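In: What would the 3D arrangement of this be:
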Amino acid sequence: MITLQFKTNLKCGGCVAAITPFLNSDPNIHSWSADINSPDKILLVSGEHLTGEYVIELLKKAGYIAVSV
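Out: The predicted model follows:
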């Protein structure tokens, strides 16, 4: 299993709710968590066959920006 970390522009619980359907419905993602209290708004994503670009594109579809850490 791969775990990737990203800096994001998530600001609140509503932002997390907006990305939830995109991340939960992806068969390659086994688990994820967002720390919106962190200054970098860290998103951790774990799963199989994941790349940073893949997760970044998923967040872009949801309307958010992520940068691999």
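
In: and the gap between the residue minimising distance to the centre of the chain and H30?
Out: The centroid of the chain falls nearest to L43 when counting by Cα atoms, centre = their mean (4.9 Å). Per Cβ to Cβ, to the nearest Å, L43 is found 14 Å from H30. Placement of C-beta: from N, CA and C, glycine included.

In: Could you do A66 as well?
Out: 18 Å.

In: So if I had to pick from those two, which one is more boxed in?
Out: A66 (25 against 14; other Cβ atoms under 10 Å).

In: Ramachandran angles for the more buried one?
Out: phi -140, psi 150 (degrees, to the nearest 10).

In: Contacts only, for the residue nearest to the centre of the chain.
Out: 5-6, 8, 10, 32-35, 55, 59, 66 (Cβ atoms under 8 Å, 6 or more residues apart in numbering).

In: Name the strands paired with the helix or strand in which it is found and say parallel or antiparallel.
Out: Element membership of L43, judged by DSSP states H and E, is strand 42-47. Looking at strand 42-47 with DSSP bridges, its partner strands are strand 2-8 (antiparallel), strand 29-35 (antiparallel).

In: Give the rounded mean pLDDT of that strand.
Out: Strand 42-47 shows a mean pLDDT of 98.

In: Keeping just the C-alphas, turn it into PDB.
Out: C-alpha atoms of strand 42-47 as PDB (Å, rounded to 0.1, in the frame of the first residue of the first chain):
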ATOM      1  CA  ILE A  42      -2.400  18.300   4.800                       C
ATOM      2  CA  LEU A  43      -4.200  15.500   3.000                       C
ATOM      3  CA  LEU A  44      -3.000  11.900   3.400                       C
ATOM      4  CA  VAL A  45      -4.200   9.300   0.900                       C
ATOM      5  CA  SER A  46      -3.500   5.600   1.100                       C
ATOM      6  CA  GLY A  47      -4.200   2.900  -1.600                       C
END
